[in-house]
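Enquirer: make a model of this:
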Amino acid sequence: MILSEKFEIAGLIELHTKTPGCRVGRKQLPWPYIQINREAIPDEITNVEIDIKNKYYNSYRTQNVIGYIQDQTNKLIVFTAHYDGIGSFGEGNYFPGASDNASGTSMVLDLARHYSSVEKPYYSYAFMLFSGEEAGPMGSRFYTEHPLFPLEDIKLVINLDMVGTGQEGVILFNGPQRPFEAAIV
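Expert: Residues are numbered from 1 along each chain as shown. Model prediction:
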């Protein structure tokens, strides 16, 4: 049951024992919904007044960024990451996105630098930075619906998400299902 269907509410403030997280979505609630750490609220507060201005853009225009190195074949190895982050939710509340996913974006750019300065290998390389991924696979879906390269020419896609420093190793998702490709990585 949706809370607003059971109760007439103007908004909801939910208290948490830990610092609440946040998530990006593609829907807007008909009323404000705020999560606050319980320790941030003094016990003597009995009333709260909130003035929220919000604008939801159903179709916000953004761009994917794609680079390409042509080598001996049109068959591609593709490195991807997303460059959008959660950003700001009001004054003093900012999620810079260093791990998710500036680190993956930086790694893709570093791989582009590396492969542009080495002897030409057999495969061509594409470096794709997608936007809109925090709200779902928006940029990558757009790419598959409007590809610059034939999808059948893509031999391997390596998506770099939340690379961080990499000092503690990596997790290779789908590695057991793709043992040949996992061995190459």
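
Enquirer: where does the closest residue in space to residue 17 that isn't next to it in sequence fall, phi/psi-wise?
Expert: Residue nearest to residue 17 in three dimensions, not counting chain neighbours: residue 38, with 5.7 Å by CB to CB, 6 or more residues apart in numbering. C-beta: built from backbone N, CA, C; applies to glycine. Reported as degrees, to the nearest 10, the phi and psi values for residue 38 are phi -60, psi -40.

Enquirer: for residue 38, give me the pLDDT.
Expert: The pLDDT attached to residue 38 in the predicted structure is 84.

Enquirer: for the one 3 residues further on, same thing?
Expert: As summarised for this prediction, residue 41 has a pLDDT of 84.

Enquirer: repeat for residue 147
Expert: Reading off the model, residue 147 has pLDDT 97.

Enquirer: next one: stretch 150-161 to chain centre, how far?
Expert: 18 Å (CA atoms, centre = their mean, to the nearest Å).

Enquirer: same check on stretch 72-83?
Expert: 18 Å.

Enquirer: how far does that stretch stretch from start to finish?
Expert: Chord length of stretch 72-83, first to last residue, is 29 Å (CA to CA, to the nearest Å).

Enquirer: list the buried residues of that stretch.
Expert: For stretch 72-83, burial by neighbour count (16 or more other CB atoms under 10 Å) applies to 76, 77, 78, 79, 80, 81, 82, 83.

Enquirer: thinking again about what came up before, which residues are in contact with the residue nearest to residue 17?
Expert: Residues near residue 38 by CB atoms under 8 Å, 6 or more residues apart in numbering: 15, 16, 17.

Enquirer: now pLDDT, secondary structure and neighbour count too, for the residues you listed, in JSON lines please.
Expert: Output for the contacts of residue 38, formatted as JSON lines (pLDDT from 0 to 100; DSSP: H, G, I helix; E, B strand; the rest coil; neighbours: other CB atoms under 10 Å):
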{"residue": "15", "pLDDT": "86", "secondary structure": "strand", "neighbour count": "13"}
{"residue": "16", "pLDDT": "84", "secondary structure": "strand", "neighbour count": "13"}
{"residue": "17", "pLDDT": "85", "secondary structure": "coil", "neighbour count": "8"}
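
Enquirer: go through those and name the one nearest residue 157.
Expert: Of all the contacts of residue 38, residue 16 has the smallest distance to residue 157: 37.2 Å, by CB to CB.

Enquirer: quick check: buried residues in the lengthiest helix in the chain?
Expert: Using DSSP state H, we find that the single longest helix of the chain is helix 103-116. Within helix 103-116, the residues that count as buried by 16+ other CB under 10 Å are 103, 104, 105, 107, 108, 109, 111, 112, 115.
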